[in-house]
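Novice: how would this look folded up:
(chains A, B, C and D, ligands or ions: 4)
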Number of protein chains: 2
Amino acid sequence: MSQSANSPQPNIDQAEDAVRATGARMTRPRVMVLAVLLEAERALTHTEVEARLPRAAEVDRVTIYRVLEWLTARGLAHKIAGDDRVWRFNAAAHAHAGPHAHFQCSDCGEVICLQEAPARPALKLPAGYQPQRVELTVKGLCAHCVPAKPRARAAARHSH
Amino acid sequence: MSQSANSPQPNIDQAEDAVRATGARMTRPRVMVLAVLLEAERALTHTEVEARLPRAAEVDRVTIYRVLEWLTARGLAHKIAGDDRVWRFNAAAHAHAGPHAHFQCSDCGEVICLQEAPARPALKLPAGYQPQRVELTVKGLCAHCVPAKPRARAAARHSH
DNA sequence: TTATTATTGCAACTTTATTGCAATAATGGG
DNA sequence: CCCATTATTGCAATAAAGTTGCAATAATAA
Ligand SMILES: [Mn+2]
Ligand SMILES: [Mn+2]
Ligand SMILES: [Zn+2]
Ligand SMILES: [Zn+2]
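Specialist: Ligands and ions are numbered 1, 2, ... in the order given. Below is the predicted model:
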């Protein structure tokens, strides 16, 4: 039960390595944001990333948006569009190199990556349409939002 | 090649029947919006619905939002969340009664319904997670956005 | 016709994300 | 180590999609 699971240090090191490996400039916002994603156990929204950045980091809101975009373009992260109009980001190194399915809670919006790669069912497209990738998302209730007993249905939204 | 495919009249009749069948009040916004959806060959955004409503209909922006929500709740339409975080709506009567997959163009955002029902690959969820439904979306380029020849890649966005 | 109340219209507001541009700072060369 | 170059960043303004509160309107039942 050490608190090391919450210590960003090792993730910062890993983030630095990853950013350096791209050949682009290594900046504090890039390293800190990636470290936050590496530390997360699930996909994070822009707001969540902002909240998890140490105060001392002092990264601007817009910069976070741009860094998340940048990380995604470089393959260091990937983003998922959910039902709630919010992008969620996950570090690519999270044992999710290839394509994989996602789960989204229809109550709180939480998104997690699932392991199994969706077995492409070879869907038929109209003439002239060109497939690129298949996205498989399971909708349902996360462990936090599943009611313990079949009552207290309309409970207030929680924030995890 | 008659222009009847563009005439909303038969769809208006069908829409009236569908709205009446719900038992709720039959209003012009509900009928007109549903008629627009029935006439569409693909899923429409709120903005597209607004643009296709006849001027004479004079339906308020907010009412369109509410009617689309209402149609979805009654099962007369269904909505799809795309990568551009915009809801798109499709009349449920469009031969899409049950669950089905979707296609979204990664260039222009167009969404169409696909026929085949995704063969549920029975994904394994973490303990305590409760699946409800599976969404399968094929990303790619629609017929309008597929480049005729492998050049002119960065062409300007079209609007269909 | 009239009463009831579900719907609608309107204005203000919220949330999420984007854009323009000047200021800052990461890197490479001297 | 210092300077020049220019990729990044911060800040303010703006955009786009959708929501909310509430008074006015109109669909239905009596
Ligand atoms: Mn993922
Ligand atoms: Mn559909
Ligand atoms: Zn949840
Ligand atoms: Zn397209």
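
Novice: Give me the pLDDT value at A:Thr47.
Specialist: Reading off the confidence values, A:Thr47 has pLDDT 96.

Novice: again with the one 4 residues further on
Specialist: With respect to pLDDT, A:Ala51 scores 95.

Novice: can you check A:Ser106 too?
Specialist: 93.

Novice: Give the residue spans of chain A that score low on pLDDT.
Specialist: A:1-8, A:94-96, A:116-121, A:149-160 (pLDDT under 70).

Novice: Check which helices and strands the longest strand along it is in contact with.
Specialist: Taking DSSP state E as the criterion, chain A has its longest strand at strand A:130-141. Applying 3 or more CB pairs under 8 Å, 6 or more residues apart in numbering or on different chains; DSSP states H and E, one finds that strand A:130-141 contacts strand A:102-105, strand B:130-141. (C-beta placed from N, C-alpha, C; glycine too.)

Novice: Ramachandran coordinates for the nearest residue to A:Ala91 once chain neighbours are set aside?
Specialist: Using CB to CB, 6 or more residues apart in numbering or on different chains and skipping the chain neighbours, the partner closest in space to A:Ala91 is A:Leu37 (4.0 Å). Per-residue torsions, A:Leu37: phi -70, psi -40 (degrees, to the nearest 10).

Novice: So A:Leu37 is in contact with A:Val49, correct?
Specialist: Yes - here A:Leu37 reaches A:Val49: they are 7.1 Å apart, a contact under CB atoms under 8 Å.

Novice: what touches both of the two?
Specialist: Counting by CB atoms under 8 Å, 6 or more residues apart in numbering or on different chains, the contacts common to A:Leu37 and A:Val49 are A:Phe89.

Novice: what about those two, which has more around it?
Specialist: A:Leu37 (26 against 22; other CB atoms under 10 Å in any protein chain shown).

Novice: on that earlier part again, ok, the residue nearest to A:Ala91 - contacts?
Specialist: A:44, A:49, A:71, A:77, A:89-91.

Novice: Those residues in strands, which ones?
Specialist: Among these, the members found in strands (DSSP E) are A:44, A:77, A:89-91.

Novice: Would you convert these into JSON lines that also reports neighbour count and distance to A:Arg133?
Specialist: Converted to JSON lines, the ones in strands among the contacts of A:Leu37 look like this (neighbours: other CB atoms under 10 Å in any protein chain shown; distance: CB to CB, whole Å):
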{"residue": "A:Leu44", "neighbour count": "24", "distance to A:Arg133": "22"}
{"residue": "A:Ala77", "neighbour count": "25", "distance to A:Arg133": "16"}
{"residue": "A:Phe89", "neighbour count": "28", "distance to A:Arg133": "18"}
{"residue": "A:Asn90", "neighbour count": "24", "distance to A:Arg133": "16"}
{"residue": "A:Ala91", "neighbour count": "25", "distance to A:Arg133": "19"}
